[in-house]
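Any chance you could fold what I've pasted below:
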Amino acid sequence: APRRVVVRRLPSVETLGCTTVICSDKTGTLTTNQMTATALLTPGQAIETDVELEPAAPVERAVSGTGYDPSDGAVDDDPDALKLDAACLDCAAVCALCNDARLSRDEATGAFARVGEPTEAALKVLCEKLGLPPFAPRSAKAAAPEWRRASDLWTRQVYDRLATLEFDRARKSMSVLVRPKSGYEDDLPAPGPRLLVKGAPDAVLKRCVAVRDPVTGVSRRLSNAERRLWQNKCAEMASRPLRCLALATRDLLPDDLDEHARGEAAEPPALRDAEGHAALETELTLVGVVGIRDPPRPEAAAAIDRCERAGIRVFVISGDSRETAVAVARELGILGRRPDDADRAFEGDAFFDDDRLDDDRRAALLAPDAGNAVFCRTAPADKQRIIKLLADYHGDVTAMTGDGV
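Take a look at the predicted model:
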């Protein structure tokens, strides 16, 4: 009673007292799950040489402000950031349309909140900070409150959203099929129906064949050398740690999908069948990468320190990238700060699919004297296999916590 705990089954408490390993989600458990976009990568200007275009490194733009108030901060301290370059225009379109979240404002207090996923709400805030596009009619400023003016323009006046290709763990992306409304075709980088895509950089970058030129707005070929520059920059951002989302478009659609989007044909099978979505999200044009900050919970580091003093190991099991998961684990003291501590980070699919490892060797990597560990890019089934290895080989009593249990 003094501890304000009601117990229905005493053995459950006894089991908790015997816990030797805690497996925890990262997002929303070790972190606050209050996402804020703090960086935006856009394509750099390629330099033409006598032989070919020299690969251009992406340009990082700082996004200031925290929380869900769009008036708190700006992109590169410029309220009209869409004028910075042509790629920003497509970034705003993807943030607004490839998105099911919305912002809300309490009229009494003026406080902002999200309705929907926090990552998508952060993209809506970024869309507002990018500002109205140059072609926005004068009536746009009166059509909606200032804090959702840009999103409303993209979703209600510029494009019709026709279909959604839902997120899938295998392809690590989602997209929407859109068609420009009458009168806006000539203002956009692509005048016809197109796919707007967002997803994990490691998956989306592989499917990009072009990049949006920041000056002309046209698509130019994405060379392997330039792709590596983007990959290296994404890895550096993830190590800060920032959750990275790649933004891309497909401007030339397959004939059957294009005709369907124009209302001239029935829905193609690839749009109905989720297994066909990966084939549609190809031949993409890269337009940007967003870096999103999800701060650790203030109390998390102290809780992990108490676990260590009690002899309880902590495993982070996350769907996020390796770099981001390791950076958060180091910040909270789950991993040390030495470079070789990254060897305690495993990717779920690689850990279980590696033919060089049998269960005996996998279990050795999870032995009590090996310490804490981080698992990233994990599927739900991976969590069960990790717990089974701990129990079968080491007799560990494992507790799981987090919304991804």
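
going forward, measure contacts and count neighbours with C-alpha atoms only.
Fine.

Figure out how far stretch 33-47 is from the centre of its chain.
Distance of stretch 33-47 from the chain centroid (CA atoms, centre = their mean, to the nearest Å) equals 12 Å.

swap in stretch 292-303?
18 Å.

again with stretch 58-69
Using CA atoms, centre = their mean, the offset of stretch 58-69 from its chain centre is 15 Å.

CA atoms only for that stretch - export them in CSV, please.
What follows is stretch 58-69, C-alpha atoms only, in CSV (Å, rounded to 0.1, in the frame of the first residue of the first chain):
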residue,chain,number,x,y,z
PRO,A,58,23.6,17.5,-50.6
VAL,A,59,23.0,20.8,-48.9
GLU,A,60,21.9,20.7,-45.3
ARG,A,61,19.4,23.3,-44.2
ALA,A,62,18.8,24.0,-40.5
VAL,A,63,15.3,23.8,-39.3
SER,A,64,14.8,25.8,-36.1
GLY,A,65,12.0,25.5,-33.5
THR,A,66,10.6,22.7,-31.4
GLY,A,67,7.2,21.1,-30.9
TYR,A,68,4.2,21.3,-33.2
ASP,A,69,3.9,25.1,-33.4
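
Quick check, pLDDT for the residue lying closest to Tyr184 once chain neighbours are set aside.
The shortest distance from Tyr184 to any non-neighbouring residue, by CA to CA, 6 or more residues apart in numbering, is to Val158 (6.3 Å). You'll see Val158 listed with a pLDDT of 96.

How about Thr216?
Thr216 is given a pLDDT of 88.

Ok, Pro380 next?
In this model, Pro380 carries a pLDDT of 82.

Ok, the one 3 residues further on next?
At Lys383, the model reports a pLDDT of 87.

What are the boundaries of the strands in the stretch 301-405 of the chain?
Using DSSP state E, counting those that start in this stretch, the strands found in the stretch 301-405 of the chain span residues 313-317, 345-347, 373-376, 398-401.

In CSV, list these along with mean pLDDT and mean neighbour count.
Listed next are the strands of the stretch 301-405 of the chain as CSV, based on pLDDT from 0 to 100; neighbours: other CA atoms under 10 Å:
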stretch, mean pLDDT, mean neighbour count
strand 313-317, 94, 25
strand 345-347, 91, 21
strand 373-376, 94, 25
strand 398-401, 90, 17
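
For those strands, give me CSV that also has distance to Ser151.
Shown next, in CSV, are the strands of the stretch 301-405 of the chain (distance: least, CA to CA, whole Å):
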stretch, distance to Ser151
strand 313-317, 34
strand 345-347, 36
strand 373-376, 33
strand 398-401, 36
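
Out of those, flag the one nearest Ala113.
strand 398-401 (25.5 Å; CA to CA).

That closest one - contacts with which helices or strands?
Contacts defined by 3 or more CA pairs under 8 Å, 6 or more residues apart in numbering; DSSP states H and E place strand 398-401 against strand 21-24, helix 380-394.

again, 6 Å this time
strand 21-24 (3 or more CA pairs under 6 Å, 6 or more residues apart in numbering; DSSP states H and E).

in its sheet, what does the strand it packs on sit against?
Sheet pairing of strand 21-24 (DSSP bridges) gives strand 313-317 (parallel), strand 398-401 (parallel).

Trp154 is nearest to which of those?
It's strand 313-317; of the strands paired with strand 21-24, that one is closest to Trp154 (CA to CA) at 36.6 Å.

That closest one vs helix 380-394, what angle?
Put simply, strand 313-317 runs at 160 degrees to helix 380-394, going by axes from the mean of the first three to the mean of the last three CA atoms, to 10 degrees.

gap between strand 313-317 and the chain center?
With CA atoms, centre = their mean, you get 22 Å for strand 313-317.

What are the contacting residues of that strand?
Outside strand 313-317, the residues within contact range by CA atoms under 6 Å, 6 or more residues apart in numbering are Val21, Ile22, Cys23, Ser24, Asp25, Asn372, Ala373, Val374, Phe375.

same thing with stretch 172-192?
So stretch 172-192 is contacted by 98, 158-167, 193-200, 251 (CA under 6 Å, 6+ apart).

Cross-reference those residues with the strands and report the matches.
Among the contacts of stretch 172-192, the ones falling in strands (DSSP state E) are 159-167, 194-199.

between the strands of the stretch 301-405 of the chain, which gets nearest to Arg61?
Here strand 373-376 is closest among the strands of the stretch 301-405 of the chain (CA to CA), at 27.3 Å.

Give me the packing partners of the closest one, helices and strands only.
For strand 373-376, the packing partners by 3+ CA pairs under 6 Å, 6+ apart are strand 313-317, strand 345-347.

Dump those strands to a markdown table, plus distance to Gly336.
Output for the helices and strands packed on strand 373-376, formatted as a markdown table (distance: least, CA to CA, whole Å):
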| stretch | distance to Gly336 |
| --- | --- |
| strand 313-317 | 13 |
| strand 345-347 | 12 |
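
Distance of Leu205 relative to Pro189?
20 Å (CA to CA, to the nearest Å).

the more surrounded of these two?
Leu205 (22 against 17; other CA atoms under 10 Å).

Quick check, pLDDT for Val59.
Value for Val59, per-residue pLDDT: 95.

on that earlier part again, just tell me which of the strands paired with strand 21-24 ends up closest to Ala108.
Per CA to CA, nearest to Ala108 of those: strand 398-401, 36.1 Å.

contact partners of the closest one?
Thr19, Val21, Ile22, Cys23, Ser24.

Just the buried residues from those, in PyMOL please.
To isolate the buried ones among the contacts of strand 398-401 in PyMOL, judged by 16 or more other CA atoms under 10 Å, type:
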select buried, resi 21+22+23+24
